[in-house]
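Provide a 3D model corresponding to the input given below.
(2 chains)
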Amino acid sequence: MISFKTRLKETIYERLKGVYPVAIEDLDMAPTPDPKMGDLALTFPFQLAKTLKKAPRAIAQEAAPLRSSLVPEEDKIIIEHTNINPNKAAHIGHLRNACLGDTLARCLRFKGEKVEVQNYIDDTGVQVVDVVFGFMELEKKTLDDLEKLPGKFDYYCWDLYARTSVYLGEHPEAQTKKAAIIKKIENGQDPEYALSRYVSRRIVRAHLATMRRLGIAYDVLPCESTILHLKFWEKAFDLLKERQAIYFAAQGENKGCWVMRLEEDEEREKVIVRSDGTVTYVGKDIAYQLWKFGLLGRDFYYEPFAEEDGRTLWISTSTPTPGGPGFGEASKVYNVIDTRQSYLQKIVVQGLRSLKYDTQAAKSVHFSYEMVALSPKSLKELGYAASEEEKERSFLEVSGRKGLGVKADDLLDRLEDKARAEIEKRNPGLPTDEKQRIARDIASGALRYFMLKFARNSLIIFDFDEALNFEGETGPYLQYTVVRLNSIFRKLKERDGVAESDIVPPTDGRALLPPGLSEKETADFWGLIVAAASLDEEVLRSVAGLEFSHLAKFAFLLCQKFNGYYHKYPVLAEENKEVKAFRLLTIRTTKEQLQCALALMGIPLPERM
RNA sequence: GCGCCCGUAGCUCAGUGGAUAGAGCAGUGGACUUCGAAUCCAAAGGUCGCAAGUUCGAAUCUUGCCGGGCGCGCCA
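Take a look at the predicted model:
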């Protein structure tokens, strides 16, 4: 019991010290004047209030030390996320990746870190080749035809990719043709090369547009094609050989390959270079990871790819371009990739260790998460014809190859449609463009919260009804809470001419808590303010565990608390001036923390809804 | 076979060795002439997969078992 009390006191202290100047000894004043309040949990607010009455002036500083615990630890952090193969539309699985990665970036920036966000583009992989094959062999289309294709190109390729996959499965002899296309793309020969480039670039632009709907942006797009042209792998290969991180298998099942022995099992080995001399996926990944840390001794060139809000998004190129920006050379790297890649990510890190880059190996973080799957109900809604075997299962994996999945833009469209209908019910008089803006914000908020509320190791079995819900533990609930708060301040300005920024703690020596405030309200106030003050702690905890469901849950619980307060205590109608001022200060403090939490989750805040 | 993950209310999920295990959804009953009801209040709903162990104390840590998922390519 003693240790429990100590822990409790420490926790309370940790939460309060950022906001209010209390010493842990103040919390230690255990005996209460009234034996009825012998419970520590009940007395601490009173103890604090007492302390604060002695030094109310200090409360004015409450906002300043809030971020004192947020200090940067790294020189520069690279986050790699999204990484969608540029051969089809983005789907809900990609959305989970991008939402997690973007939230990590926002939280690290909040902490004060220098963050660089990279979205790796595999523009020469077999997935793009499949679509090129589809255009050439199945549709007999030229580059000119592609340029004239109207509408959503990523959607078009989604269907074509699925059709091509079926075709290639049924025609094994077509593999020779496919292999020839791969070769020509590698050698930069047209029309194959031009087609692959057109497809990948146009689809990357589609992905960027989709992510932009969610407020997700990037700093740089490193391309696989550039890595090939600039011979990153060859440089890494020399390093690996020189430091004996890999060795040539003269016999055995991997005869003729360059392999790496696995740390966990000396008997097993992973092929890095095939017997035909080509490099595997893991090999290329090791080279890329080395580049991120500035250990490769080679670099990309860059050219502008797009402008977003006055910020330039750069793409890698092998053509020397003087005066371009510099990327890479991070001290820590987060790779946001789903849990199925855990084994390969482990090998990449082992590659760094084998090269004696232990520091960088320790700072290579695989931010893993479970996949998004589809419920049988969702399958039905998508009109997917499941096989007998698939019908037996309780969920199905999203599969681009099968063309099975909920496309990101489709889901966002449906969320927007529903939001617009709700707005129409509540605020029919608003201008159409404003309704559209609000609908977009609500759709984005609903989706981002949905992707964040699950723990990362939890498999999301996607269900439309659940994702389209705007009530209860959802993004719109959080948005609505803050919108109502803002509306109080808007009315305050209209009625009393008082601006929100004028709501500050008393500076004339008066107590923060007005005299005669009820015990119930005092307790509710402290409950709210202590919760609001733990934002920093929650952000740090979320980052440390890469568990942003903590942040989501924190914001939701704070909203719940606030909504309870909102219903109980009128603000603008309160006649006692001191009580009114106190309540205004309470809700302003809460609102600031809430707005911060929403911004960290990338949930936009409409003015009305 | 080996490795990783999951199993908590009807459903979807939180839960940092600590107090009577919590939310949302669905269902039940209630609250809009008030700062916005996308809200709030109330009741109801649990062998925390099973078993043993560690501990003053286990949903949480360890081991075994059961059930489900994902990995373990000279694919990417």
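
neighbours of A:D190, just the number please.
Residues within reach of A:D190, counting by other Cβ atoms under 10 Å, total 12. C-beta here means a position set from N, CA and C on the backbone, and glycine is covered the same way.

let me redo that: A:A421
Neighbours of A:A421 using other Cβ under 10 Å come to 10.

which helix or strand contains it?
With secondary structure defined by DSSP states H and E, A:A421 is part of helix A:408-426.

using CSV, write out every CA atom in that helix.
What follows is helix A:408-426 as a C-alpha-only set of coordinates in CSV (Å, rounded to 0.1, in the frame of the first residue of the first chain):
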residue,chain,number,x,y,z
ALA,A,408,-8.7,4.7,-50.6
ASP,A,409,-10.4,7.2,-52.8
ASP,A,410,-13.6,5.2,-52.8
LEU,A,411,-13.7,5.1,-49.1
LEU,A,412,-12.9,8.8,-48.8
ASP,A,413,-15.7,9.5,-51.3
ARG,A,414,-18.2,7.5,-49.3
LEU,A,415,-17.1,9.3,-46.1
GLU,A,416,-17.5,12.6,-47.8
ASP,A,417,-21.0,11.8,-49.1
LYS,A,418,-22.1,10.7,-45.7
ALA,A,419,-20.7,13.8,-44.1
ARG,A,420,-22.3,16.0,-46.6
ALA,A,421,-25.7,14.4,-45.9
GLU,A,422,-25.2,15.0,-42.2
ILE,A,423,-24.2,18.6,-42.7
GLU,A,424,-27.3,19.1,-44.9
LYS,A,425,-29.5,17.9,-42.0
ARG,A,426,-27.9,20.3,-39.5
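
which residues are contacting that helix?
Contacting residues not belonging to helix A:408-426 are listed as A:89-92, A:94-95, A:152, A:155, A:210, A:213-214, A:430, A:435-436, A:438-440, A:442-444, A:446-447, A:464, A:467-468, A:470, A:476, A:609 [Cβ atoms under 8 Å, 6 or more residues apart in numbering].

burial of the residue of chain A found nearest RNA strand B, as a residue count?
Using Cβ to the nearest atom of the strand, A:G472 is the residue of chain A that sits closest to RNA strand B, at 2.0 Å. Per other Cβ under 10 Å, the neighbour tally for A:G472 reads 8.

that one belongs to a helix?
No. If the criterion is DSSP: H, G, I helix; E, B strand; the rest coil, then A:G472 is coil and not within a helix.

hang on, the earlier thing: please list which of the contacts of helix A:408-426 also come close to RNA strand B.
Counting by Cβ under 7 Å from any atom of the strand, A:I438, A:I442, A:F470, A:P476, A:M609 from those sit close to RNA strand B.

before we move on, back to that, so which bits of the helix holding A:A421 are buried?
A:A408, A:D409, A:L411, A:L412, A:L415, A:E416, A:K418, A:A419, A:R420, A:E422, A:I423 (16 or more other Cβ atoms under 10 Å).

relative to A:P506, how far out is A:S200?
Distance, A:S200 to A:P506, using Cβ to Cβ, to the nearest Å: 61 Å.

neighbour count for those two, which is higher?
A:S200 (25 against 17).

pretty sure the more buried one contacts A:V128?
Yes. Counting by Cβ atoms under 8 Å, A:S200 does reach A:V128; the two are 5.4 Å apart.

kindly report the residues of the stretch 301-450 of chain A close to RNA strand B.
Remark: the part of the stretch 301-450 of chain A in contact with RNA strand B comprises A:339-344, A:370, A:393-394, A:397, A:419, A:422-423, A:426-427, A:438, A:442, using Cβ under 7 Å from any atom of the strand.

does the nearest residue to A:F232 once chain neighbours are set aside belong to a helix or a strand, and which?
Once flanking residues are discounted, A:F232 sits nearest to A:A287: 4.5 Å by Cβ to Cβ, 6 or more residues apart in numbering. Counting by DSSP H and E, the element that carries A:A287 is helix A:281-292.

residues of that helix that come out buried?
Buried, per 16+ other Cβ under 10 Å, within helix A:281-292: A:V282, A:G283, A:K284, A:D285, A:I286, A:A287, A:Y288, A:Q289, A:L290, A:W291, A:K292.

which residues of the stretch 401-550 of chain A score low on pLDDT?
Counting by pLDDT under 70, the stretch 401-550 of chain A contains no low-confidence residues.

got the domain boundaries for chain A?
A:2-63, A:77-372, A:373-468, A:475-600 (automatic domain parsing).

which stretch in those domains has the least confidence?
The weakest mean pLDDT among the domains of chain A belongs to domain A:2-63, with a mean of 37.

any idea how far stretch A:285-296 is from the chain center?
23 Å (Cα atoms, centre = their mean, to the nearest Å).

ok, A:A419 to A:L452 distance?
Taken as Cβ to Cβ, the span from A:A419 to A:L452 is 18 Å.

quick one, phi psi at A:E264?
phi -70, psi -20 (degrees, to the nearest 10).

hmm, I typed the wrong one, I wanted A:P376.
phi -50, psi -30.

my guess is it contacts A:S394. True?
Yes. At 7.3 Å, A:P376 and A:S394 qualify as touching, with contact defined as Cβ under 8 Å.

and the residue positioned nearest the centre of chain A, what does it touch?
In chain A, the C-alpha nearest the mean C-alpha coordinate belongs to A:L100, at 2.5 Å (Cα atoms, centre = their mean). If a contact means Cβ under 8 Å, 6+ apart, then A:L100 has A:H81, A:V336, A:F367, A:Y369, A:M451, A:L452, A:R456, A:F548 as its contacts.

do the same with A:F489
So A:F489 contacts A:E500, A:R588 (Cβ under 8 Å, 6+ apart).

how about the secondary structure of it?
Taking three-state DSSP, the label given to A:F489 is helix.

A:D496 versus that one, what's the distance?
Per Cβ to Cβ, A:F489 is found 11 Å from A:D496.

now do the helices in the stretch 151-300 of chain A.
A:153-170, A:175-186, A:192-212, A:224-229, A:232-242, A:281-292 (DSSP state H, counting those that start in this stretch).
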